[in-house]
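1. Only the shape, not the letters, is given here:
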Ligand code: FRU
């Protein structure tokens, strides 16, 4: 059977999403303290990508934990309020346009030292370096960073280099040559020509524990011209009476894409049908990634309140689906899909959650509400730094928030000695 015929695409339905609830204590992230510490006052960091192996294990190298982050240098000289003070909100909102991938290292998995950029200026072919996944390939210290080249277009790419350490620091070197892997095809995955607001990014490669082949999941939208999508009975699900009117929901068409490597190096890829679609439900299913546990496939993805379709809502946070097979069908975790959302009192406190195989969930602080009498200007204190790590327990098709750790705590699951 051809691989593309094996995929049983699952619709995350409107009925599933109607079960999403704010402030269920078992699926809500504890509130982030307004007085959070900042890793570096000269930088913004957001999407955080721990170094891992293709089987998902979070690794340290000779005792050093390593994380990659989307990073922008703060520009107080370019973003000012009328009174000349720093307009951090405008600077933060503009950061995506100048995102660069940087790395950090720590012996204790949490006191992160800044290592600098992974690729020097001019190496990456487009204006923005967006999210992906760094993979430690072997005990020679070879790393492949899968990431997204954005503007112009959006291309899934990778760059290979080396990690070395001196005893008191970690260096990444030789990330000189970017290999472009693929763009959206317009058949399974929407292109810019079909929708100027298309989403196509965030590769997460992995070895399937079952067939041993190299695959990746990524964020996409279902192919087709914007506004042309039909909301089928599968997309609707079993909605209660009175929920037939979907307003402008046809404009939301997020999906989790799948691709398979045609060679063992992962230089040549074939696009497969999406694993999950959210047509009429949500326009963004970002940074998808797997956790393999108890013989099951747990597929996590992040999404926003503002990307839900008309008639639906839910918190910014991480959502998840479970299956007995890579190819589906998948079932939304907790009935709704919601795994860990922001509390309604602090709806934008964190984002870009990454669920690690040990159940720890890392994310970054976006903004925390700041009362008028606080030390912070405006309505919010902007983050741009690591959030407290949260632990969830995954049991069958349900998850539970069970513990909170320190800011940016990302411990290794295995230490690799490099030669
Ligand atoms: C998630 C995200 C990713 C993208 C990046 C751009 O926070 O939207 O999908 O790669 O941010 O900054």
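-> Nice, I can see it. Keep in mind the model is a prediction, meaning the values are calculated, not measured.
2. what does the stretch 101-250 of the chain put close to the ligand?
-> For the stretch 101-250 of the chain, the residues found near the ligand under the criterion C-beta under 6 Å from any ligand atom are 130, 131, 148, 201, 202, 219. Heads up, the C-betas are built off the backbone N, CA and C, glycines and all.
3. Just the ones of these in strands?
-> The subset of those located in strands under the criterion DSSP state E comprises 130, 131, 148, 201, 202, 219.
4. quick one: residue 28 and residue 340 touch, right?
-> Yes. If you go by C-beta atoms under 8 Å, residue 28 and residue 340 touch, sitting 7.4 Å apart.
5. list residues touching both of the two?
-> When C-beta atoms under 8 Å, 6 or more residues apart in numbering defines a contact, the residues bordering residue 28 and residue 340 alike are residue 401.
6. So for the two, which sits in the more crowded spot?
-> Regarding residue 28 and residue 340, a neighbour count based on other C-beta atoms under 10 Å identifies residue 340 as having more, with 24 against 21.
7. Wasn't that one part of a strand?
-> Yes. Secondary structure assignment (DSSP: H, G, I helix; E, B strand; the rest coil) places residue 340 inside a strand.
8. Distance of it relative to the ligand?
-> As defined by C-beta to the nearest ligand atom, to the nearest Å, residue 340 lies at a distance of 15 Å from the ligand.
9. ranges for the helices of the stretch 51-200 of the chain?
-> Under the criterion DSSP state H, counting those that start in this stretch, helices of the stretch 51-200 of the chain are mapped to 88-93.
10. hang on, the earlier thing: buried only: go through the residues of the stretch 101-250 of the chain next to the ligand for me.
-> For those, a neighbour count by 16 or more other C-beta atoms under 10 Å gives the buried set as 130, 131, 148, 201, 202, 219.
11. Which residue lies nearest the spatial centre of the chain?
-> The C-alpha lying nearest the average C-alpha coordinate of the chain belongs to residue 287 (C-alpha atoms, centre = their mean; 2.7 Å).
12. Surely it and residue 354 touch.
-> Yes. Using C-beta under 8 Å, residue 287 is in contact with residue 354, at 7.0 Å.
13. what is whatever residue of the stretch 201-350 of the chain ends up closest to the ligand paired to in the beta sheet?
-> Among all residues of the stretch 201-350 of the chain, residue 286 sits closest to the ligand, at 4.0 Å; criterion: C-beta to the nearest ligand atom. Beta-bridge partners for residue 286, by DSSP bridges, are residue 302.
14. and the nearest residue to residue 376 once chain neighbours are set aside, how many neighbours?
-> In space, and not counting its chain neighbours, residue 376 is closest to residue 370: 4.0 Å by C-beta to C-beta, 6 or more residues apart in numbering. When neighbours are defined as other C-beta under 10 Å, residue 370 has 16 of them.
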